[in-house]
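K.L.:
just to be clear, the model below is a prediction. Sequence and coordinates:
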Amino acid sequence: MSTAANDAPRSRGKAPAGERVADWADGRLGIYSLAKANMRKIFPDHWSFMLGEICLYSFIIIILTGVYLTLFFHPSMNEVTYHGSYVPMQGQLMSEAYKSTLDISFDVRGGLLIRQIHHWAAIIFLAGMFVHMMRVFFTGAFRKPREINWLFGFLLFVLGMFTGFTGYSLPDDLLSGTGVRFTQGAILSMPVVGTYISMFLFGGEFPGTDFVARFYSIHILLLPGIMLGLVVGHLILVFYHKHTQFAGPGKTNKNVVGMPLLPVYMAKAGGFFFLVFGVIAAVAGLVSVNPIWAIGPYRPDQVSTGAQPDWYMGFAEGLVRAMPGWEINAWGHTLVLGVFIPLVIFGIFLALIALYPFIESWVTGDKREHHILDRPRNAPTRTAFGVAWVTAYMVMLIGGGNDIVATHFHLSINAVTWFVRIGFFAGPVIAFIVTKRICLGLQRRDKEKVLHGRESGIIKRLPHGEFIEVHEPLSQEQLHTLTAHEQYKPAEIGPTVDENGVERKAKGTDKLRAKLSEAYYGEESQIPKPTVEEYKEITSGHGHH
Amino acid sequence: MKKLSARRRHPLAALVVLLLALACTGGLYAAFAPAGKAQADETAQSLAIDEGKKLYAVGCASCHGTGGQGTSDGPSLVGVGAAAVDFQVGTGRMPAQQPGAQVPKKKVIYSQAEIDQLASYIASLGAGPSVPSEEKYGPEGADIAKGGELFRTNCAQCHNFTGKGGALTHGKYAPTLEDVDPKHIYEAMQTGPQNMPSFPDTTLSEQNKKDIIAYLDAVNGDETVDPGGLSLGGLGPVSEGLFGWIFGLGACIAVAVWVAARTAKAKKS
Amino acid sequence: MSSQDIPEENLPAEQDAPHGAVKVADEENPFADPGLPPHEHRIQDIDEQAAKRSERAVALLFTVSMLATIGFIASFVAIPHDKSIFIWPLGHINAMNFALGLTLGVALFTIGAGAVHWARTLMSDEEVADERHAIEADTETRAKVHADFKQGAKESVIGRRKLIRNTMLGALTLVPLSGVVLLRDLGPLPGTKLRHTLWSKGKLLVNMNTNEPMRPSDIGVGSLTFAKPEGLEEHDHDFQNEIAKAALMIIRLEPDSIKDKRELEWSHEGIVAYSKICTHVGCPISLYEQQTHHALCPCHQSTFDLADGARVIFGPAGHPLPQLRIGVNDEGYLEALSDFEEPVGPAFWERG
């Protein structure tokens, strides 16, 4: 924007060039009213607020490098013989897609670097989205008015998974081809429509000669196009809602405290783009990713052990690996539950976290806007639910790599699979209970701190010989920060007799809500925060210790 | 694993190998020179069988039976051939320490001369594949690319794309092929040790085997180039994902912490 | 009961919200928000020397970036693209990729580091509070919008002229069908394609490795061989599709160790031919353990007992591997006696 214009001297009565350009644009685009609202927009400083930026920047990096790769990649499954510079593939039959990927890696200068940046950025993009989503979840940043943005983010994560999958399938190498084969098998397992979808997707029988070209347009056009739209929407909403902030002195639900976009965040966020790009470029220069030359071209009768998808598909892979082989044959039809159930669980499991904001707001019945973030400990049930979800996810990630786990920890692969089968159900329950306990413990400690002050580590001997540790009272800033969180009371079903004395039957949903609300905010689930009276009684009563 | 391969590629490794080779040559010369000249081959052969039988009675008979007929603790060795002995004893798998899902590779306890004697004895029990000569597994005349295709068809399903090894059922595993003597790879294909199926010359020709060994040397040898950089064990997406999370995203988050942190305030005087 | 009915006292009280001004400790309410703490200066704000140092640091970072970019271009031009170097602990790696990645990384990172250092040390770090405004419209706006909408709807007469509304909805519902119909030619209908393979009576079993037909004597007990149907060559245009169904794994067992009667019947002198394609989702399954006779799938660990009709003994596969009935022809070569009797590969709805 036209910063130069502001400080430039206006000596000859004529506005400086930058200002004139800005005026010209404003007359046509109305940029000044847009800039007025946004140029000094305030952003709070916290490292966890930058996780989303990591995703945004890796997404931009992926687009930039992806465009470069399209200049050299041939999305074709025509069979060719390799005569490039990689010796162990000389004379091998392979698809043009695979050959052009080899050429990018060996014969285009810098091509390998860009390929590796593209792939590493994709891995980091998805990992970043996962962590960003968890940050938003555990701090309650998804609450009103941000539910829609939560859904945008969730869709970005899911679309990112499928963009990644279609992307790493493009080189038509043996590893990704095995993954495509799995996908085709999974599609076949769908009742009624499976075979048709498979035939239509692959242009006939697997593998056919079409899927690379079709995945290509999905990978470079369809999915990223939708994602780009969602990203823009996501960012507009972030600007519109203004960023959330943690409780603290001067920070209220009605303001946002931080630094202005221009200049501080322009420099910090702009600089952070280069920092992220720099890290990924260096990683791509130092560490190999998806060395397709070592993997070989795809052939449906060849395979390698250790066949895994990229990490973000590992959850689905784990589900499929852990599932027992159920299959029902009846009336001339086959229901392939061994594959179909994991597909369904995969969908439900993701939907669970996507719909969580709506579930929680239904339970609390809270329709107010929330701009102050929760500390995870102050929402024990939500935090416990989130940790349980992550636990199930992680267990299945282990399941997706059960063979690598088995060889590297000298375990039996069958034992690892059984661990995953049990862990998927037991793990979240244990995690839920443990997390809730920890949260409550932390809440108690906070309460202790507020009422009795901070342990100073100074031991004092009283005149009568008793040793005590001196507790320093907290400052008002700290007292405020530790007591700023809101605590709900459990909702009740409400009177079953209305004002006219007519009896009303409590609906099942009401009962469910009351039960959930009790589970969320009952005595078992939160430690009442210290009140001013308690504080005054203790501080005035018997000194600070 | 990374550490191991790094050490293997240590610049001094070549020197150590050279010294070892010199020592071995000297030792072998000392062991064979006086005997080799004077005696006729046949006598040498029967002498070797006798010596091998003695070694067998001490080290192997308790499991494989006094005549190699096998017991409940070990399979019959009649007809397994010299190649099997050379592989099993030459890689330290035999004599086994304890029964288990799989007998692992370990330190070799017999000298090559003793192994040869053992092999002669076992070979005398029944015809089987003999120890391959060097031209069978040497790099001359091998087609690396063809070897790659054969490897992916026959071997990669257990040993991974480039021979990094992989899991089998109930704690068994296909070992890594890194640092395995080409001769032993050849023998393993021929004889099918433990749960590995055999790939006899009738179905995987001598030339096929030679190609496979050449391919392995190209993609999993001491001088193999990993163009992209650190290979992360060659294990594929699991190690890549871990690295991406810990170092890729980890570095980005570390940077984010710096970006968002408060700048140090001037000390109040 | 809708959520609006939740009694107000169950919702936590709104935080009372003083903002901006710095307040002194509150005797009444020690937990009250004291307001933004006073701004403290950084060294750079009060010491011009320190600010100069920061400026030089930022400039240095930007200069390093320029040098790194020059280094990038120099590496691109000077390093042969197939040169490899040994770098501890990375191993033998491509010199150009290493140089380009590192220089590009440094060039980008130092721009970022410079900008951030500039922002952190030289730009104002005074925290500012910005008011939030309610997102919901006020009642007046809300009423106006509703009224406008009703007015518009009324003027369109859509509520009154039901015929128009209904036919329009009908047209709009039908028109996307053209798009769906257009997708029809993405691929053929399944038909019985998944049920047949290239195998048929008399087709010889050709060894994948040697491309030769096989005799029973070629296959030893404990060996593993992969086979394709005679006449299918690697450069055939439909090789991939055909091998995806026809790939065979051939093993030889001692006939008396075969537990399944049908397996024994369909084998030849203990030589058994199973489909190499896993019945779970179609990975080529061939991790054959010759002592246990188990075959493991490397993708999802389905385990089949090849000595017992390829029964599934572990993992997610739902049914045994299909077996191919084999025999020997007049010239002593192994041949198929029929196609597979059931579809190979993953199960599907119409499989039955």
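P.N.:
Cool, the structure landed.
K.L.:
mean confidence score for the lengthiest helix in chain C?
P.N.:
Looking across chain C with DSSP state H, the single longest helix is helix C:48-78. Per-residue pLDDT over helix C:48-78 has a mean of 96.
K.L.:
repeat for stretch A:165-182
P.N.:
What stretch A:165-182 shows for mean pLDDT is 95.
K.L.:
would you mark the buried spots in it?
P.N.:
A:165-182 (16 or more other CB atoms under 10 Å in any protein chain shown). For the C-beta atoms, the positions are set from N, CA and C on the backbone; glycine is no exception.
K.L.:
equivalent analysis for stretch C:225-243, please.
P.N.:
Applying a neighbour-count criterion of 16+ other CB under 10 Å, one finds C:225-230, C:232, C:239-243 buried in stretch C:225-243.
K.L.:
follow-up on the earlier one: hmm, the longest helix of chain C touching chain A?
P.N.:
Yes - under the criterion of CB under 8 Å from any CB of the partner chain, chain A is reached by helix C:48-78 at residue C:76.
K.L.:
do the same with stretch B:202-222
P.N.:
Yes - on the criterion CB under 8 Å from any CB, stretch B:202-222 is in touch with chain A at B:215, B:218-219.
K.L.:
closest to chain A out of the residues you listed?
P.N.:
residue B:218 (4.9 Å; CB to the nearest CB).
K.L.:
the closest one is in what secondary structure piece?
P.N.:
Following DSSP states H and E, one finds residue B:218 within helix B:206-220.
K.L.:
what's the first helix or strand after the one helix or strand residue C:101 maps to?
P.N.:
For residue C:101, the element it lies in under DSSP H and E is helix C:95-121. The element immediately downstream of helix C:95-121 (helix or strand, assigned by DSSP H and E) is strand C:128-131.
K.L.:
following that next one, which helix or strand shows up next?
P.N.:
helix C:139-155.
K.L.:
and the chain, what are its domains?
P.N.:
The chain I'm using is chain A. A:3-33, A:54-302, A:374-493+A:519-545 (automatic domain parsing).
K.L.:
oops, I was thinking of chain B
P.N.:
According to automatic domain parsing, the ranges for chain B are B:18-129, B:132-226.
K.L.:
next one: the shortest one to chain centre, how far?
P.N.:
Its chain's C-alpha centre and that of domain B:132-226 lie 9 Å apart, by CA atoms, centre = their mean, to the nearest Å.
K.L.:
related to what we said a few turns ago, so which of the domains of chain B gets nearest residue A:331?
P.N.:
Of all the domains of chain B, it is domain B:132-226 that lies closest to residue A:331, at 34.9 Å by CB to CB.
K.L.:
now do the closest one, average pLDDT.
P.N.:
For domain B:132-226, the mean confidence score works out to 92.
K.L.:
can you check stretch B:237-251 too?
P.N.:
Computed over stretch B:237-251, the average pLDDT equals 95.
K.L.:
and it, anywhere near chain A?
P.N.:
Yes - counting by CB under 8 Å from any CB, chain A has neighbours in stretch B:237-251: B:237-245, B:247-249, B:251.
K.L.:
number of residues surrounding the closest residue to chain B within the stretch 251-352 of chain C?
P.N.:
Of all residues in the stretch 251-352 of chain C, residue C:289 sits closest to chain B, at 3.9 Å by CB to the nearest CB. Neighbour count for residue C:289, taken as other CB atoms under 10 Å in any protein chain shown: 22.
K.L.:
and what about the residue lying closest to it once chain neighbours are set aside, helix, strand or coil?
P.N.:
The shortest distance from residue C:289 to any residue other than its chain neighbours is 3.9 Å, reached at residue B:195 (CB to CB, 6 or more residues apart in numbering or on different chains). Taking DSSP: H, G, I helix; E, B strand; the rest coil as the rule, one finds residue B:195 in the coil state.
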